[in-house]
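Asker: The amino acid sequence is not available; the structure is as follows:
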C-alpha cells in the first residue's frame, strides 16, 4: 500500500481519525504521520519485521519517524529503501535518514521503454549510462497546439483515434497532466472520448487512467498521452517522470515552446 494508506489503515484500527476539514497538504504531510505514531500507543500486535519503501526520495523527515514506529523492536527490524534521484518530483522531500547505509544498485538496462522512447527520456536523465534492450518501437508522436487551451480537445481526438482506429484498449492508456485542475478540464464529467476515466488508484478494466504526472510516478502503461502544459516543465524531474511512463507508444500534446523543452532542445 502507499504510505498514506498505511497511515489510514492503522489509525482507523486504533480508532483515531484526523480532524474534519484538515487541508489536504497538512493532512498528508503532518497529520496522518502523527496519527500513525499515536496509533502505536494503542496497537500491540500490528508492527512489522520488515518494511520495503519505494520512491524513498519523496519521503519527508516526519514520515521516516513514523515508518520506524512501524517496526517491531523485538523483530528483525529490516528497513529497505529504494531511491531514485531522477524522480524527486516533490520539492519539499528530504534526504534519507542519516543512519541509512547506502548501497548503490546500478541499473544498466532499460527493460520498460522502447528504444525510441528511451532516447527521448535520456535527454532528461542524469546518471550513469543505461542501455535500452527492447524493440525499436514506433516514433514518439508530437501534437502541436497553438495555445495550451487547445490541449484537451487534441487529447480527446487522440484517444478517439487510439481506441477506434488503432484498437488500443482504454485500460492500456494513461493520460497525464501536471495538475488536477488540468485533468478536470480534460475530462470534466469523468469521461474522455466516450470512455470512463479514473485516477491511477481507482484503475479498473475498461477504464483509461487520467491523473497527474506526480501521482502516476512509479507506474506505467503501454500507451501514455501527455498534456504538455507549461506547468509540466517547471522542474527537471517532471519531464523525466512523464516521458518514461510509456512502454510502447508515447504521445505528447502542447505548444511549440513546451514541446521543444521536452525534446531537449531547450533546457528545463
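Answerer: Received the coordinates, thanks. Keep in mind the model is a prediction, meaning the values are calculated, not measured.
Asker: going forward, measure contacts between C-alpha atoms and count neighbours the same way
Answerer: Fine.
Asker: which secondary structure element contains the closest residue to residue 203 other than its chain neighbours?
Answerer: When the adjacent residues along the chain are set aside, residue 203 lies closest to residue 209, with 6.3 Å between them (C-alpha to C-alpha, 6 or more residues apart in numbering). Taking DSSP states H and E as the criterion, residue 209 maps to strand 208-212.
Asker: quick one: strands adjacent to that strand?
Answerer: strand 173-177 (parallel), strand 195-198 (parallel) (DSSP bridges).
Asker: So for that strand, mean pLDDT?
Answerer: Average pLDDT, strand 208-212: 97.
Asker: Figure out how far it is from the centre of its chain.
Answerer: The chain centre lies 10 Å from the centre of strand 208-212; the measure is C-alpha atoms, centre = their mean, to the nearest Å.
Asker: quick one: contacts of it?
Answerer: 170-180, 183, 195-200, 203 (C-alpha atoms under 8 Å, 6 or more residues apart in numbering).
Asker: Leaving out sequence neighbours, find the closest residue to the residue nearest the centre of the chain.
Answerer: Centroid-nearest residue in the chain, with C-alpha atoms, centre = their mean: residue 217, separated by 1.7 Å. Using C-alpha to C-alpha, 6+ apart and skipping residues adjacent in sequence, the residue nearest residue 217 is residue 241, 6.3 Å away.
Asker: so how many other residues sit close to the one you found?
Answerer: 23 (other C-alpha atoms under 10 Å).
Asker: Residue 213 is in contact with that one, correct?
Answerer: Yes: counting by C-alpha atoms under 8 Å, residue 241 touches residue 213, with 7.0 Å between them.
Asker: what packs against the helix or strand that contains residue 239?
Answerer: Here residue 239 sits within helix 237-243, counting by DSSP H and E. Applying 3 or more C-alpha pairs under 8 Å, 6 or more residues apart in numbering; DSSP states H and E, one finds that helix 237-243 contacts helix 115-122.
Asker: Could you name the helices and strands sitting against the strand or helix carrying residue 36?
Answerer: For residue 36, the element it lies in under DSSP H and E is helix 32-39. Contacts defined by 3+ C-alpha pairs under 8 Å, 6+ apart place helix 32-39 against helix 3-13, helix 61-69.
Asker: So for that helix, mean pLDDT?
Answerer: pLDDT averaged over helix 32-39 gives 96.
Asker: which residues touch residue 31?
Answerer: Contacts for residue 31 (C-alpha under 8 Å, 6+ apart) come out as residue 18.
Asker: Check residue 78 too.
Answerer: Counted by C-alpha under 8 Å, 6+ apart, residue 78 has contacts 49-51, 71.
Asker: ok, now residue 110?
Answerer: Neighbour list for residue 110: 118, 130-134 [criterion: C-alpha under 8 Å, 6+ apart].
Asker: Filter these down to the ones in strands?
Answerer: 131-132 (DSSP state E).
Asker: Out of the contacts of residue 110, which is nearest to residue 145?
Answerer: residue 118 (24.3 Å; C-alpha to C-alpha).
Asker: how about the nearest residue to that closest one, chain neighbours excluded?
Answerer: residue 132 (6.5 Å).
Asker: Local confidence estimate at that neighbour?
Answerer: 94.
Asker: Give me the distance between it and residue 113.
Answerer: In this view, residue 132 and residue 113 are 7 Å apart by C-alpha to C-alpha, to the nearest Å.
Asker: Which of the two has more residues huddled nearby?
Answerer: Taking other C-alpha under 10 Å, residue 132 and residue 113 do not tie; residue 113 has more neighbours (26 against 19).
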